[in-house]
Structure formats: C-alpha cells, structure tokens
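Engineer: Below are the sequence and a predicted model; questions follow.
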Amino acid sequence: MSFLNHFAFRNPNREHLARHRSEHFHLEPRLSTAHAHGFQEKHLTIQHLQLAFHTTDADQYMARLVWPIDQFHSDISMAHSHIKNTVTYRFPIPRRCCISLNLFRLTIRPSYFPFHEGKLGGFWSELGAVFGIYIHIPFCRTACHYCDFHFSTQLDQLEEMEEALMRELLWRGTGVSEEISTVYFGGGTPSLFPEEGLERMMHAIQSISSTKKEVTLEANPEDITSEKLDVWLKMGVTRLSIGVQTFDDSILSWMNRAHTGDTAETAIRMAAEAGFQHITGDLIYGLPDRPAPAWERDIDRMLDLPIDHLSAYILTIEPKTALGHQVKQGKQNTASDEAVVAAYQTLCSRTQTAGFEHYEVSNFARPGGHATHNRNYWKGIPFWGIGPGAHGFDGTNRYAHVSNNRRYVKAIQQATSLLDIPLEVDVLQTSDRFNERVMTGLRTMEGINPEQLHAVYGRDPRTADAQAWQSAVLKRELIQLPNGSFRIPEDNWLFADAIASEFFWVND
C-alpha cells in the first residue's frame, strides 16, 4: 500500500475513524494501579446499572448515562442494601471523574465538562443538542472488486432486515428529547431497498423528531427510475449521493460495477429533473495505469452535470477484496504516489474553476451545497449507527454492530430492549477524542481552534506540542485564519493525517 493510500480516508459515514489508543473492556477488575493513584474501590453490579437507568433522568435509549462521581457513589451506596444475591465487579473510580454507563460498559474519564441533570452539559449544549442517524442498508447486487464495506448479495433477506432495522430504530427513538438534524441511508446500496421499507423508516424517524432535517440516500445509477425518485422525494430525501466512480466503461467493468457512463449521466439528469436540488456525484481516482487525460474527462463530465456536491476518493487497496488479492498475487499494480498527487491537483484546479468550494480533503461543493451529515461527523456530533456493520457515537464512546446480516437480525429478534443488543464498544479517553477532533478538523477548511480545544479537552496543541506546532507554521503546513483557527493549506491536504498526527495527545 502506498503512503498516500495509507492516509486517504474514505466516506466517513461508511467507515468510522481509526482510533488511537482506544481500549475495549467490559466490567472487569482494574485494581493494579488503584491505590497508587488514590482510587477508591467500589462494588458495581449489573443490577446496579439497571437500577441507575431507572433512578436517574438519564437517556436510557441513547445508551448514555453520565453524572458526577460523588453522586454516583451516594446513589450506589443507598441502592446496595436493596439488592440481594448479586454478582459483584470491582472497579477503581477516582473522585475527580465522571462516570459513563454505555450498554453495561463502564468507563471513567476526567470531568472537563460541566454536568447537569445526568446528561452532558456544556459540551452537549455547544453542539446544539442535536444528533444524526446513520442507517446501513447491507445489500448489493454485485460485489465491487475494491470495496470492503459490509454487504450481502443475498437479496432474499430484505424483508427480515427491514423488520430488524425498524425495531432497532424505534427502540433508540423511545424517550429521545434531542433533535435529529441529519439522516443518512448508506450501504451497501440503499437504492435497491424496497421503497415501502424506506418510507416506513422515514415515518418512524419523523415520529421521533419532526424538525426539518437533511436526509441523504446513497444510490447506484442503475437503480434510479422516475418512480423511485418520486417516492424518495415525497418521503423526505433531500440529497442523493450517486455512486458514479467513473464514466469510463472499461474501468467500470474492471471495478465490477453494474452501470455504464451513459447510465450514470442519465441518472443524475433524471434526479435533477425530478426536483432534487442537492445531488452528490462520487468519483474515484488513483487508479492503476490510468492516463491523466482520462481522469480529466471524468472530472469535466461530472462538473457539466447538475450536481452541487462532488466527493472524490483515492482508491484504497483493501486486503479482503478481489482487488487486494490481485495486488497481493502480483497480478495488479497500483498507481504511483506521483500520479495520485497529480490527479489530486487536477481535481482541485478544475473544481475551483467550476465554482466549487473545497471544504474537506475529499469533498467539494457549490455555494449552499455542503453536506451537513458529513460536517457534523467531522465536528464530533453524536449519531446513531443502525444496522449490521454500522458504527455510532454517543458523544463519549463509539460502538459497532456485528458485520453479519444473519447474526444482526437474530440478535434483534431475540432482544427485548436496546440493552440486549450485543455491541462492540470502544471506550474513548479524553486524549482519543482530542486526537479525532484534531484529525478531522485539519481535514477541513475550518481547521481547528486551539482555544476551543483547550476549553473542551484541556489541551492546547500550541503549548503541548510547541516545537512541532512552530515547525508546521514555519513550513506553512498550518496557516492561521482570521478567527484564530488554524488549517492546512489545500496543497498539503493530501498529507493532512500525517501533519495532524504531530499534535496527537499520546499517553505514555
């Protein structure tokens, strides 16, 4: 894998960020350093956790429960006398911490944020008390040779999958007070999912939060018909993200895509004529043995179409794909770093000439065409992840569903509440969340604001990594904006992740 491919991120809605120094654990003993740090031992039980959900005003269905540790000690002490025959787990908890209970995962973190009534206070309010929903539709007609996202080509499972997705959605929506700002149907291929199923899910979402929201649906060109476009518009879809990838039929065949270049162009024009004001066209570059003029033709043809947003991603060679196997066997070469850089520069130049704003490494938009769901993700705004292989973020930790359709459906069928759904939870320390915010922020035109980072995470990269920061400023890897934020210049954006890593908070 080349250097550039290693650092090239794909659609963040479909692949959560690689996390640094995350920790996986359930309730288990962690006493080795407790006394050295002045921690106090407390006994916690599953029954305690269940009781905590019922005796506080925390949001059970968001799987988020946070309150000051002193109050937690008091509540647990009073509750303990009422609970008999429990299995006890020991866990050291420092006093200057707050506790977060996430689906029976117990985590502790420094209390940098003000807390009020059992919920995230200042930090949550700063984000506007909103969240997003990502729904993974895990079906495709064919397997693209480069794709490693979770999907299945067994379309006979559509009906039971719809029931499972609806059940999880309704469970998560019970008792929610925050507003849903964005909904993203990703995959997989949401456009091949029955329209009636999508309508039912949108109706359920509207019953949870009736406010106006951005609703994005990923679609393949071959699935788009006038009938489907009409249904999607009426059910509230505001943006179509159309997976073109290239207009070159020979490359589409090499990718094992089902459409042609002409089909893709027709699909985009049909969507605009149907009334869609926000249309994203997806392209892939960094393809092996592709001459520059072919890439230029792809860009120009896309920009001539009625789109207001363009996403362009570097081809990544994933090991568990047909393409990855071919590369490993020496049957397929890869594009050179020089060719990728040249393709990126061509992309930046042509989109700028066409009036598109380059607002994130891989995303370009006309005025008013920025994708809100993506921007919320980069800002660290929480979102539900619904469906097999989906990832979510509750404002503190990340979770992931099993990437297996049958196991996901079975788990939902056997569950009696949201708390019964098995999840893999990544417990993010303050340093992890800081690092993610730095990485995602430096991939955008807004950049990062050191003072805001210090206010939220207790760390200012200008002083914590003074030498690296000063070096980056001198080399123009960072430039200051009028509002005090710092960003990476466009000509260095391909190396954004490497530059950002210089300012990571590393716990020795």
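Structural biologist: Thanks, I have the structure now.
Engineer: quick one: residue 181 is in a strand?
Structural biologist: Yes: assignment of residue 181 by DSSP: H, G, I helix; E, B strand; the rest coil places it within a strand.
Engineer: Need the nearest residue in space to it, chain neighbours excluded.
Structural biologist: residue 130 (4.0 Å; CB to CB, 6 or more residues apart in numbering). Heads up, the C-betas are built off the backbone N, CA and C, glycines and all.
Engineer: In terms of pLDDT, where does that neighbour sit?
Structural biologist: As predicted, residue 130 sits at a pLDDT of 79.
Engineer: what about it, how many residues close to it?
Structural biologist: Residue 130 has 18 neighbours, counted by other CB atoms under 10 Å.
Engineer: Over to the one 10 residues further on?
Structural biologist: Neighbour count for residue 140, taken as other CB under 10 Å: 19.
Engineer: Contact partners for it?
Structural biologist: 151, 152, 153, 187, 188, 189, 192 (CB atoms under 8 Å, 6 or more residues apart in numbering).
Engineer: was I right about the second one contacting residue 139?
Structural biologist: Yes: here residue 152 lies in contact with residue 139, judged by CB atoms under 8 Å, at a distance of 5.8 Å.
Engineer: Settle it for me: which of the two has more neighbours?
Structural biologist: Using other CB under 10 Å as the criterion, residue 152 and residue 139 rank with residue 139 on top: 20 against 17.
Engineer: Quick check: the more buried one vs residue 187, distance?
Structural biologist: 7 Å (CB to CB, to the nearest Å).
Engineer: For these two, list the residues in contact with both.
Structural biologist: Joint contacts of residue 139 and residue 187 (CB under 8 Å, 6+ apart) are residue 151.
Engineer: how close does residue 380 sit to residue 134?
Structural biologist: Where residue 134 is concerned, residue 380 sits at a distance of 15 Å (CB to CB).
Engineer: ok, those two, which is more surrounded?
Structural biologist: Legend: neighbour count by other CB under 10 Å for residue 380 and residue 134, higher for residue 134 (25 against 16).
Engineer: Just checking: what are the partner strands of the helix or strand harbouring the more buried one?
Structural biologist: Assigned by DSSP states H and E, residue 134 belongs to strand 130-137. According to DSSP bridges, strand 130-137 has the following sheet partners: strand 179-187 (parallel), strand 383-386 (parallel).
Engineer: want to throw those into TSV with mean pLDDT, distance to residue 499 and mean neighbour count?
Structural biologist: Shown next, in TSV, are the strands paired with strand 130-137 (pLDDT from 0 to 100; distance: least, CB to CB, whole Å; neighbours: other CB atoms under 10 Å):
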stretch	mean pLDDT	distance to residue 499	mean neighbour count
strand 179-187	95	28	24
strand 383-386	96	26	24
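Engineer: before we move on, back to that, the next helix or strand after the strand holding residue 134: how far from the chain's middle?
Structural biologist: Later in the chain than strand 130-137, the nearest helix or strand by DSSP H and E is helix 158-173. Relative to its chain's centre, helix 158-173 lies at 20 Å (CA atoms, centre = their mean, to the nearest Å).
Engineer: and stretch 239-249, average pLDDT?
Structural biologist: 98.
Engineer: Against residue 198, how distant is the residue nearest to residue 181?
Structural biologist: Distance from residue 130 to residue 198, by CB to CB: 22 Å.
Engineer: ditto for residue 206
Structural biologist: 13 Å.
Engineer: what about the two, which has more around it?
Structural biologist: The neighbour comparison of residue 206 against residue 198 (other CB under 10 Å) goes to residue 198, with 24 against 15.
Engineer: part of a helix, is residue 232?
Structural biologist: Yes: according to three-state DSSP, residue 232 belongs to a helix.
Engineer: my read: residue 395 touches residue 384, true?
Structural biologist: No: look at residue 395 against residue 384 with CB under 8 Å: they stay out of range, at 11.5 Å.
Engineer: any low-confidence regions in this protein?
Structural biologist: 1-129, 508 (pLDDT under 70).
Engineer: 80 - rerun?
Structural biologist: 1-130, 177, 508 (pLDDT under 80).
Engineer: Show the end-to-end separation of stretch 207-225, please.
Structural biologist: With CA to CA, to the nearest Å as the measure, stretch 207-225 spans 28 Å from end to end.
Engineer: typo on my end, it should be stretch 468-484
Structural biologist: Rule used - CA to CA; the end-to-end distance of stretch 468-484 is 18 Å.
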